[in-house]
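# Give me a 3D structure for the following:
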Amino acid sequence: MNTELTALQNMADASELSIVIHEKISNDKRVKVKKYFAHIEGKGTISPVLDYTNLNYFLLGMFNAKKILAK
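Below is the predicted model of the structure:
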C-alpha cells in the first residue's frame, strides 16, 4: 500500500463515515499522477476521480460538512 493511499484512508477514517479510498487503475502508461476516489459501501462512489491533493480537500470538506450538520 502506498503512503498517499494510507494518508487518504486515515483522513477518511477520521470522518467516521465508513469511507473507503480506492486507487484508480489506469492502463495508460503515460499517466504519472496517481488518482483516487472515495466510496461508501452500499451507497456507491461519493467523489470524482481526483489526485491526492484534491481528494484530500474533498475529504476535508466532507469532514467539515459533517461537523456543521451535527450542530
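# can you give me the strands for the chain?
Remark: strands assigned in the chain by DSSP state E are 19-24, 35-40, 44-45, 50-51.
# Point out the most buried one among these.
Among the strands of the chain, the stretch with the highest mean neighbour count (mean count of other Cβ atoms under 10 Å) is strand 35-40, at a mean of 18. Bear in mind the C-beta positions are built from the backbone N, C-alpha and C, glycine included.
# could you say what helices and strands that one packs with?
With contacts defined as 3 or more Cβ pairs under 8 Å, 6 or more residues apart in numbering; DSSP states H and E, strand 35-40 has these neighbours: helix 3-14, strand 19-24, strand 44-45, strand 50-51, helix 52-70.
# could the strands of the chain be laid out in TSV, adding distance to residue 2?
Below are those laid out as TSV (distance: least, Cβ to Cβ, whole Å):
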stretch	distance to residue 2
strand 19-24	8
strand 35-40	10
strand 44-45	20
strand 50-51	13
